[in-house]
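[1] could you look at this predicted model? Sequence included:
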Amino acid sequence: MADNLDLLIVGAGPAGLGAAVAAKSCGLDVAVVDEYASVGGQIFRNIQLPCIEKVLDERTLGIGRKLVEDFEKSGVKFYPNTSVWGMENTTVFCKSPDEVKKVSASKVVYATGGYERPVPFKGWTLPGVYTAGAAEMLFRSAGELPSGKEPVVLCGNGPLLLALAVHLIENNVPVLAWLDTGKFGNKISASLHMGRVFQDMPYFRHGMHLAMEILKAKIPFVLGVESVEAVGDECVEKVVYVKNGKRHELAAKTLIRHEGIIPRIQIPGALDMELAWDSLQRYWYPKTDKFGRTSLNNVYVAGDNAFVHGGESAIWKGYVCGYAAAEDLGVVASSEIKEKSLEYQQKMELLCKARDYLRYVFAPNPAVFNIPDDTIVCRCECVTAGEIRKAVREGFTDPREVKIATRSGMGPCQGRSCGTALAEIIAQTTGMNVEKVGILKSRQPFVPVTLADYCALHA
Ligand SMILES: Cc1cc2nc3c(=O)[nH]c(=O)nc-3n(C[C@H](O)[C@H](O)[C@H](O)COP(=O)(O)OP(=O)(O)OC[C@H]3O[C@@H](n4cnc5c(N)ncnc54)[C@H](O)[C@@H]3O)c2cc1C
């Protein structure tokens, strides 16, 4: 892989590709790495395949295909199957099947996207439990649905459930129930912000189309679900939920849960980048200016990694970030960059405003973190909610202390799966505000590397 680049971009999703195209157009020497085999990120991966036409609306498909085409024409070098597992300033440590390597660049953009908010619940480790994102990815990449044609139960409170429900309906998969875990009050108060969606009419129409399909299918919609459990010995045999204190059972082998998307802040956190807290969506995100400049010199973030606004705005966030890197390198005059960025900045601001409605309507319900004591929270180290609560009662109230006391967050995923729940449990147990509890920071390496590889880079 080339070294001493002007700009290294981590993540080949909409934001990373947008940043690459913009920076390259300014004459920068740019490379993009991604741990996946192809470009496009979560929304535009495999965008050239005909089966994607069934899952993305026409506008999004057109924008995605154009972006990937522009990237391919740009001549920016792409390194697939390459995970970033550590860094020192703007030197980044990468691992691919063939090599581990240090890559130095004058500027680095982290466009590592978001991921589904992990919410542990009883039985969540059983085969047959999926997140909506995982189920949707299976459908997008292989045309398969997790249950085949067997009935499923949907559960949660987040935007991905809508699209998935429609794909299930279109493929004649019976949906036994949609168990809504959101706060009813949030749905009502969100209507005050509904006007924002009208700023993007195609998006509004797409949302209405999904809602109408779901209504027509007459899926039983259960509001105010207090808890859910997947029950079975070797795999899910039934789904049990509680509403108004009463238990209900559904015979289903597949439970699909989704509780929204949060920024992937493991790298920003580990770099001690300044973060901010969104009290509505209950997540941390890197503090940036409008161009993705962070509190760290020469380090930028773009896309859902910076704040979750969806696929299209991630592209434009990427564009303005790529231009900002060119400006900061002194390659292009500020006035020219201002002019180049204006169109993308305006598009980005409009889309962010329109998507802001989702922030309200899908505001997570903190009660989803009322996790029973015997439920595993840290899947890597098999630590239960009860063990975490016990450590907190013994006086460990900082996420890092709880990690040391219980090993929660010490496994290969470095707290990516359990960090959010850990902070929420500390907040519940101590009565502290979850923002005050803080964040369980990941430590390098972010993905497992052998000692030999590690030593080779530090020799
Ligand atoms: C199943 C699903 C369906 C969706 N459907 C829609 C939709 O219909 N409309 C919409 O607007 N939005 C949708 N979204 C959201 C949309 O995918 C995101 O908003 C968008 O992809 C964000 O773009 P991004 O570039 O910020 O991040 P991503 O697309 O997530 O790209 C980030 C990239 O970074 C890479 N990466 C992360 N960490 C590392 C690392 N350490 N080393 C190397 N590479 C790394 C990842 O492999 C990934 O390719 C969907 C999301 C999912 C999961």
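    Okay, I see it. Residues are numbered from 1 along each chain as shown.
[2] quick one: is the longest helix along the chain near the ligand?
    The longest helix of the chain (DSSP state H) is helix 334-361. No - Helix 334-361 lies out of reach of the ligand by C-beta under 6 Å from any ligand atom, never closer than 7.8 Å. The C-beta positions use only the backbone N, C-alpha and C, and glycine is treated the same way.
[3] tell me the buried residues in that helix?
    For helix 334-361, the neighbour count (16 or more other C-beta atoms under 10 Å) marks 337, 340-341, 344-345, 347-348, 351-355, 357-361 as buried.
[4] what's the answer for stretch 187-200, then?
    Applying 16+ other C-beta under 10 Å to stretch 187-200 flags Lys187, Ala190, Arg196, Val197, Gln199, Asp200 as buried.
[5] what's the pLDDT at the residue of the stretch 201-350 of the chain at minimum distance from the ligand?
    In the stretch 201-350 of the chain, the residue found nearest to the ligand is Gly303; the distance is 2.2 Å by C-beta to the nearest ligand atom. pLDDT recorded at Gly303 is 97.
[6] neighbours around the closest residue to it other than its chain neighbours, how many?
    In this structure, Gly303 finds its nearest non-sequential neighbour in Ala15, 2.6 Å apart by C-beta to C-beta, 6 or more residues apart in numbering. Other residues near Ala15 come to 33 when the count uses other C-beta atoms under 10 Å.
[7] for stretch 88-105, how far is the first residue from the last?
    Terminal residues of stretch 88-105 lie 11 Å apart, using C-alpha to C-alpha, to the nearest Å.
[8] state the mean pLDDT of it.
    On average, stretch 88-105 scores 90.
[9] how about the residues of the stretch 151-300 of the chain that lie near the ligand?
    Leu160, Ala163.
[10] where are the low-confidence patches of the stretch 201-350 of the chain?
    Regions of the stretch 201-350 of the chain meeting the criterion pLDDT under 70 are absent.
[11] the strands in it, which residues?
    Per DSSP state E, counting those that start in this stretch, the stretch 201-350 of the chain carries strands over the ranges 221-222, 225-231, 238-243, 246-250, 254-258, 261-263, 275-278, 283-286, 299-301.
[12] what does the third one rub up against?
    For strand 238-243, contacts defined as C-beta atoms under 8 Å, 6 or more residues apart in numbering pick out 153, 155, 176, 179, 222, 224-232, 247-252, 255.
[13] buried subset of these?
    Counted by 16+ other C-beta under 10 Å, the contacts of strand 238-243 give 153, 155, 176, 179, 222, 225-230, 250, 252, 255 as buried.
[14] so which of the buried residues of stretch 187-200 belong to helices?
    When the buried residues of stretch 187-200 are checked against helices (DSSP H), the matches are Lys187, Ala190.
[15] domain assignment for this structure?
    5-115+262-359, 118-259, 371-437 (automatic domain parsing).
[16] and the second one, end to end?
    Right, the one you point to is domain 118-259. Span of domain 118-259 from end to end, C-alpha to C-alpha: 8 Å.
[17] one more: stretch 51-64?
    End-to-end span of stretch 51-64 (C-alpha to C-alpha): 14 Å.
[18] cool, stretch 247-254 as well?
    19 Å.
[19] just stretch 121-131 next, same as before
    Start-to-end, stretch 121-131 (C-alpha to C-alpha) is 12 Å.
[20] would you mark the buried spots in it?
    Phe121, Lys122, Gly123, Trp124, Leu126, Gly128, Val129, Tyr130, Thr131.
[21] returning to what we had before: give me the sheet partners of the helix or strand that the longest helix of the chain is followed by and which way each runs.
    Counting by DSSP states H and E, the next helix or strand C-terminal to helix 334-361 is strand 376-378. Strand 376-378 pairs in its sheet with strand 383-384 (antiparallel), by DSSP bridges.
[22] nearest residue to Tyr283 other than its sequence neighbours?
    Once flanking residues are discounted, Tyr283 sits nearest to Ile262: 4.2 Å by C-beta to C-beta, 6+ apart.
[23] and the one you found, bridged to which residues?
    Tyr115.
[24] so what's it up against?
    Per C-beta under 8 Å, 6+ apart, neighbours of Ile262: Gly114, Tyr115, Glu116, Arg117, Gln281, Tyr283, Val308, Thr420.
[25] residue of the stretch 351-459 of the chain with the smallest distance to the ligand?
    Counting by C-beta to the nearest ligand atom, the stretch 351-459 of the chain gets nearest to the ligand through Phe446 (5.6 Å).
[26] before we move on, which element is the residue nearest to that residue when sequence neighbours are not counted in?
    Nearest non-adjacent residue to Phe446, counting by C-beta to C-beta, 6+ apart: Trp85, 5.0 Å away. Per DSSP H and E: Trp85 is located in strand 83-88.
[27] buried ones in that strand?
    Ser83, Val84, Trp85, Gly86, Met87.
[28] how many neighbours does Val434 have?
    19.
[29] what's the pLDDT at Ala459?
    Per the predicted model, pLDDT is 69 at Ala459.
[30] likewise Gly409?
    Looking at Gly409, its pLDDT is 94.
[31] so it touches Ala421, yeah?
    No - assessed by C-beta atoms under 8 Å, Gly409 is found out of contact with Ala421, at 10.1 Å.
[32] near the ligand, which residues of the stretch 1-150 of the chain?
    10-16, 33-36, 41-43, 60, 83-84, 111-113, 133, 136-137.
[33] from Lys390, how far off is Asn433?
    22 Å (C-beta to C-beta, to the nearest Å).
[34] got it, and Gln428?
    Applying C-beta to C-beta to Gln428 and Lys390 gives a distance of 14 Å.
[35] neighbour-wise, which of those two wins?
    Gln428 (19 against 15).
[36] now do stretch 204-223: distance to the chain's middle.
    24 Å (C-alpha atoms, centre = their mean, to the nearest Å).
[37] in that stretch, what's buried?
    So for stretch 204-223, counting by 16+ other C-beta under 10 Å, buried means Phe204, His206, Gly207, Leu210, Glu213, Ile214, Ile219, Val222.
[38] give me the subset of the residues you listed lying in helices.
    The helices, defined by DSSP H, take in Phe204, His206, Gly207, Leu210, Glu213, Ile214 from the buried residues of stretch 204-223.
[39] can you name the residues that contact the closest residue to the fourth one other than its chain neighbours?
    With C-beta to C-beta, 6+ apart as the measure, Leu162 is the residue that lies nearest to Leu210, at 4.5 Å, once sequence neighbours are left out. Shown in contact with Leu162 (C-beta under 8 Å, 6+ apart): Gly207, Leu210, Ala211, Ile214.
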